[in-house]
Every structure is written in C-alpha cells, then in structure tokens.
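# Could you look at this predicted model? Sequence included:
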Amino acid sequence: MSKIEISEPTIAAIATPPGPGGIGVIRISGDLALSILKQVFTPKNPEKSFVSHHLSYGVITDPDTGQMVDEVLAVYMAAPATYTREDVVEIHCHGSFLILQQVLALLIAKGALLAGPGEFTKRAFLNGRIDLTRAEAVMELLDATTTAKLDMARNQLSGGLYDKIMAIRQALIVCRGIIEVAIDFPDEDAEILDPDRMARDILNDVVIPLDHLIQAAKRGQVFREGVSVVILGRPNVGKSSLLNGLLRKDRAIVTSVPGTTRDTIEEVLDIKGLPVRIVDTAGIRDHAGEVEEIGINRAKAKLEQADVVLFLIDGSGGITSEDWQLQKLIVGKPVLFVVNKIDIIKYEPADFAEFCAGSAPFAISAKQHLGIEKLEDGLYSLVTGGDGWDPGHGVVPNVRHLQALAKALVAVHRVQDGLGLALSADLLAVDLQEVLDGLGDIVGETTTEDVLDVIFEQFCLGK
Ligand SMILES: Nc1nc2c(ncn2[C@@H]2O[C@H](COP(=O)(O)OP(=O)(O)OP(=O)(O)O)[C@@H](O)[C@H]2O)c(=O)[nH]1
Ligand SMILES: [Mg+2]
C-alpha cells in the first residue's frame with residue numbers, strides 16, 4: 001500500500017496592521033494557494049499571469065455573485081523559494097480593513113483556513129527554512145521599539161546566534177564521537193580518549209564561547225526589557241520639570257505649589273537605545289491631604305519596583321530634614337543624586353557631598369534644560385556598566401536562550417569534572433548529551449512542542 005501524504009492545510013491571513021493604509025496585504029500559504037487565487041482573481045493580462053514570483057494586476061471578484069471586491073496586485077510564489085517553503089500567494093489590496101476582511105472571507109470560502117498567530121513563521125521553521133533563533137528574531141524585529149533592539153534582532157535574523165551555537169555543538173559532537181568509540185572499544189579506551197586533550201578542547205571551544213554568550217545575554221537583557229527609573233524628591237524640588245526635560249515635552253503639570261503632582265506619571269524614553277520607563281511621583285511629605293496621601297503611597301510602591309532612583313534635591317533650598325527622611329526609603333537601590341535649580345544658585349558640590357555619601361551629584365536646571373544630557377549619560381553608564389558595550393554589535397541571546405545556555409554550562413562543567421576524575425566514558429556521554437540537547441533547544445532541533453507553541457503564540461496574526 002502506498003503511503004498517503006497528508007499535507008498541511010492552506011492558511012490565509014491579513015499580513016498588514018488594521019487601519020487604513022495605502023495598501024493592505026493578504027498572505028496565503030499551502031498547496032491550495034494558487035488554485036484558491038485562481039478562483040477569485042481575474043488578471044488583466046491572462047497570458048502573463050501566475051508566473052512564479054511575478055506580480056500581476058487584476059481584480060478580485062466573488063465568483064458566486066460576480067461582485068467585484070477590489071482592484072489588486074497579486075503574486076504567486078512557487079515552493080520552495082518562499083517565506084514558508086510552501087506555495088505562497090500575496091494579494092496587495094487597497095488598505096481598507098473592510099476590503100481586506102471581504103477578500104479574506106472569499107479565500108476562506110474557497111478552502112483556506114484562517115492562520116493562527118505566527119503560523120507562517122512557524123511553518124518556515126518547521127519546513128526547515130529558518131531555525132528557531134531566526135524565527136524568534138522575526139518577532140523581535142517586528143516588535144523593536146529602539147534601534148538597539150532592532151540591531152539585536154537583525155543580527156539574530158542573519159544567523160549570528162545560530163552560527164555560534166552550531167559551532168559549539170560541532171565541537172561537542174566531535175567529543176561525543178570520540179567517547180562513543182571509547183565505549184565501543186572498552187579495552188582500548190585509554191588510547192582513544194585523551195582526557196587532558198578533550199578537557200582543553202571543551203574549555204576553548206565550549207566553555208569559553210558559552211560563557212561569552214551568557215555574559216552578552218545578561219548585559220543585553222536591560223536593552224531588551226528596559227529599566228524602570230523613579231524620580232523621587234520632596235514636594236516642589238522640580239520632579240515634574242525633570243520628567244518634562246527628559247521627555248523634551250510638557251507632559252506633567254508644573255506649578256510653584258508644593259503637592260502639584262498627585263498621581264504617578266509614567267512615560268517611556270529611549271536613551272541611546274536603552275528603553276527607560278520613567279516615573280514622576282508625588283512629592284513625599286508628612287501632613288499631606290487625602291488625595292496627596294494616596295499619591296505618596298503610590299510613589300512609595302513605584303519606588304519598590306524601581307531599578308534606579310533619581311533622587312532630586314532642590315539646590316535653592318539646600319538639604320532639609322525631609323530629604324534625610326526620604327533617603328531612608330531608598331536603601332539598597334542604585335541611586336543617582338541630582339541637584340536641581342542651579343540656574344538660581346551658586347552650585348557648590350561640597351554643599352551636597354555629605355548627603356550624597358561622597359558621590360558627586362549631577363547638577364541640573366530642569367527649567368533651563370541644563371545638565372540633562374549629562375544626567376542621561378550617567379544613567380546610561382550606571383545601567384549598562386559604562387564600558388561602551390554596544391548591544392548592536394555581536395550576538396545577544398534572549399532570556400529563553402540564557403536559561404538554556406546556563407543549564408548547558410552546568411552540564412558542561414560536569415563533563416569537565418568527569419574528565420578530571422577520569423570517569424568512565426558512558427558517564428561522560430550522558431552529561432555531554434545533556435549539553436547538546438540544551439543547545440538543540442535554542443536552535444529548535446530538540447525543542448518540545450509546548451515550548452514552540454508558547455514562542456509562536458506571542459506573534460501577531462498574519463506573521
Ligand atoms: N529656577 C528654577 N525653577 C525650577 C526648576 N525646576 C523646577 N522649578 C520650579 O519649581 C517649581 C516646582 O516644580 P515642579 O516640577 O512642579 O516640582 P515637583 O517636584 O514636581 O513638585 P510636586 O509635584 O509638587 O512634588 C515650579 O515653579 C518650577 O517652575 C529649575 O531648574 N530652576
Ligand atoms: Mg510634580
């Protein structure tokens with residue numbers, strides 16, 4: 001009996017975001033893509049149409065009613081030189097959500113299934129066109145909100161991480177080969193397996209590269225996820241003015257009345273590619289009114305979640321007992337002290353040295369926009385380590401990769417220990433396989449179905 005080939009269903013989805021646009025694109029992928037297109041698309045020039053990878057102009061019509069739906073450009077792309085490695089069709093409609101919905105409904109009536117989130121990219125992965133790190137990079141590329149994230153995603157999409165992981169795996173596969181031979185020929189294993197040499201190879205080709213990737217992942221995390229920065233200070237020191245200064249726009253209300261800001265105000269900044277969630281808070285003081293008190297409690301809650309505190313001091317008022325009170329709230333947090341209103345005082349760092357525990361405060365005028373860039377540089381250095389490390393250069397694994405890398409490193413340390421103790425080859429083989437599997441999870445070779453589902457469900461529809 002011949003084997004019955006069950007092909008994947010043909011899927012379709014709107015690939016462009018909702019809302020009016022110049023064009024809107026619908027994508028179809030699967031064996032039926034071309035036949036479905038032919039049922040709804042009438043080309044202007046039939047002789048030159050449906051040539052693979054060539055656009056043709058024509059109309060989409062409902063074949064059952066004869067109703068014209070849209071004037072479009074359509075392209076058929078024959079497998080395997082396509083995004084999914086299946087037959088793919090793209091229909092470029094006018095960018096009206098209603099038109100796109102109507103065209104999509106026709107395609108579904110003719111046999112396409114509505115694609116799930118990330119299903120096109122998942123097929124590209126399952127059909128072997130891209131590995132899992134590249135599939136994840138597609139999503140990161142689409143979601144990038146800073147140039148640093150974009151650079152990281154581009155690097156990953158062009159195979160930067162994949163190549164590094166595969167090079168490490170290759171070194172491990174060589175070791176595994178030697179170990180397997182040693183298992184098969186136990187009498188000669190002493191000649192086959194040279195533990196010192198293997199330990200040296202594992203250090204250079206596995207441990208050191210793994211360690212580099214782990215360091216890059218840790219450093220890059222802050223560029224992927226951003227940091228939360230809270231501006232803290234007693235009332236009227238200029239917190240809202242500083243928020244506005246950092247945002248370069250009048251976001252928060254500024255008045256000379258202490259207790260102006262009642263609620264917390266959050267905005268997102270991009271400081272040299274570092275995503276910063278900046279929070280302006282109600283000035284903290286005793287004897288506040290009921291509403292202000294709620295704001296103060298919110299400020300304290302935000303403070304607890306903050307990665308960094310900008311402690312703002314009113315230079316014109318000097319340090320007060322309230323400032324000392326407030327300082328007790330920030331113990332254990334990275335803090336940058338900032339003296340504001342230097343436009344109306346003669347700023348002497350020594351006046352603030354005791355309060356700032358020896359670290360020189362940043363001197364600014366939020367109102368006159370003085371010293372803001374320096375403060376941004378200081379914040380960037382504090383968060384990123386300040387050694388000029390650039391996430392846009394080189395490979396920066398994400399959190400999922402980091403977990404797998406860390407696990408692999410633990411297992412590879414066991415291999416190193418085993419070699420040192422001259423453990424038997426079959427014991428070494430078990431740990432070695434664990435490292436290989438951990439790395440396989442990163443590129444998608446051994447990744448379980450449920451993990452894949454979690455990854456692709458994060459995509460939006462049509463991707
Ligand atoms: N001269 C001068 N005045 C400033 C500066 N920054 C803020 N101010 C003034 O200080 C007053 C308070 O500023 P805000 O930014 O509202 O202060 P705040 O810390 O947010 O105050 P609350 O919300 O009440 O806690 C306003 O009158 C501002 O114009 C500055 O750099 N120089
Ligand atoms: Mg304020």
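The structure has been received and is ready for your questions. Ligands and ions are numbered 1, 2, ... in the order given.
# show me where pLDDT drops low in the stretch 1-150 of the chain?
1-6 (pLDDT under 70).
# got a list of contacts for stretch 150-166?
Under the criterion CB atoms under 8 Å, 6 or more residues apart in numbering, residues 131, 133-134, 136-138, 140-141, 144, 209, 213, 220, 223-224, 273, 391-397, 401, 439, 442-443 lie in contact with stretch 150-166. All C-beta spots, glycine's among them, are computed from the backbone N, C-alpha and C.
# pLDDT (mean, whole number) over the longest helix along the chain?
When the chain is parsed with DSSP state H, its longest helix is helix 160-184. Averaged across helix 160-184, pLDDT comes to 94.
# Going along the chain, name the helices of the stretch 301-450 of the chain.
321-327, 350-353, 372-384, 399-420, 425-443, 449-457 (DSSP state H, counting those that start in this stretch).
# quick one, domains of the protein?
The chain is divided into the following domains under automatic domain parsing: 11-115, 137-222+401-457, 226-384.
# show me the contacts for the closest residue to Leu107 other than its chain neighbours.
Counting by CB to CB, 6 or more residues apart in numbering, Leu107 lies nearest to Ala12, which is 4.6 Å off, once chain neighbours are set aside. Neighbour list for Ala12: 26-29, 36, 104, 107-108, 112-115 [criterion: CB under 8 Å, 6+ apart].
# Ile14 now?
By CB under 8 Å, 6+ apart, the contact list for Ile14 reads 24-26, 100-101, 104, 461-462.
# So how do I select the buried members of those residues in PyMOL?
Provided next is the PyMOL selection string for whichever of the contacts of Ile14 are buried by 16 or more other CB atoms under 10 Å:
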select buried, resi 24+25+26+100+104+461+462
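# So which of the contacts of Ile14 belong to strands?
Applying DSSP state E to the contacts of Ile14, the entries found in strands are 24-26.
# which strands and helices sit next to the next helix or strand after the longest helix of the chain?
Counting by DSSP states H and E, the next helix or strand C-terminal to helix 160-184 is helix 189-192. With contacts taken as 3 or more CB pairs under 8 Å, 6 or more residues apart in numbering; DSSP states H and E, helix 189-192 sits against helix 160-184.
# could you pull out the strands for this protein?
Using DSSP E, strands in the chain cover 11-14, 21-29, 41-43, 54-61, 68-77, 88-95, 113-114, 227-232, 265-271, 274-280, 308-314, 335-340, 362-363.
# And those strands: which comes nearest ligand 1?
Ranking the strands of the chain by their distance to ligand 1 (criterion: CB to the nearest ligand atom) puts strand 335-340 first, at 5.0 Å.
# Could you verify my assumption that Gly19 touches Ser96?
No: counting by CB atoms under 8 Å, Gly19 stays clear of Ser96, with 9.4 Å between them.
# Between the two, which has more neighbouring residues?
Ser96 (15 against 9; other CB atoms under 10 Å).
# quick one: that one and Gly22 touch, right?
No: using CB under 8 Å, Ser96 is not in contact with Gly22, being 10.5 Å away.
# tell me which of the ones in strands among the contacts of Ile14 is nearest to Asp250?
Proximity of the ones in strands among the contacts of Ile14 to Asp250 (CB to CB) peaks at Gly24, which lies at 36.4 Å.
# Please name the spatially closest residue to the closest one (chain neighbours excluded).
Excluding the flanking residues, the one nearest Gly24 by CB to CB, 6+ apart is Gly95, at 3.9 Å.
# residue contacts, Gly317?
By CB under 8 Å, 6+ apart, Gly317 lies in contact with Val237.
# Could you tell me how far it is located from Glu373?
Distance of Gly317 to Glu373, given as CB to CB, to the nearest Å: 25 Å.
# Could you report the neighbour count for the closest residue to ligand 1 within the stretch 251-400 of the chain?
Using CB to the nearest ligand atom, the closest approach of the stretch 251-400 of the chain to ligand 1 is made by Gly283 at 2.6 Å. Burial measure for Gly283: 27 neighbouring residues, criterion other CB under 10 Å.
# leaving aside the residues next to it on the chain, what's closest to it?
Closest residue to Gly283 apart from its sequence neighbours, by CB to CB, 6+ apart: Pro235 at 3.0 Å.
# is it true that Tyr57 touches Lys48?
No: in this structure Tyr57 lies outside contact range of Lys48 using CB under 8 Å: 9.8 Å.
# When these two are compared, which one has more neighbours?
Applying other CB under 10 Å to Tyr57 and Lys48 shows that Tyr57 carries more neighbours, namely 14 against 11.
# In space, what's closest to the more buried one - neighbours in sequence excluded?
Closest residue in space to Tyr57, ignoring its immediate chain neighbours: Lys44 at 5.1 Å, by CB to CB, 6+ apart.
# show me the contacts for the one you found.
Counting by CB under 8 Å, 6+ apart, Lys44 has contacts 56-58.
# What about ligand 2: which of these touch it?
The overlap between the contacts of Lys44 and the neighbours of ligand 2 (CB under 5 Å from the ion) is empty.
# out of the residues you listed, who's nearest Pro361?
For these, the nearest to Pro361 is Tyr57 (65.5 Å; CB to CB).
# Kindly state the beta-bridge partners for that closest one.
Beta-bridge partners recorded for Tyr57 (DSSP bridges): Leu73.
# how close does it sit to Asn45?
From Tyr57 over to Asn45 the distance is 7 Å, taken as CB to CB.
# Kindly report the same for Gln67.
Counting by CB to CB - Gln67 and Asn45 are separated by 22 Å.
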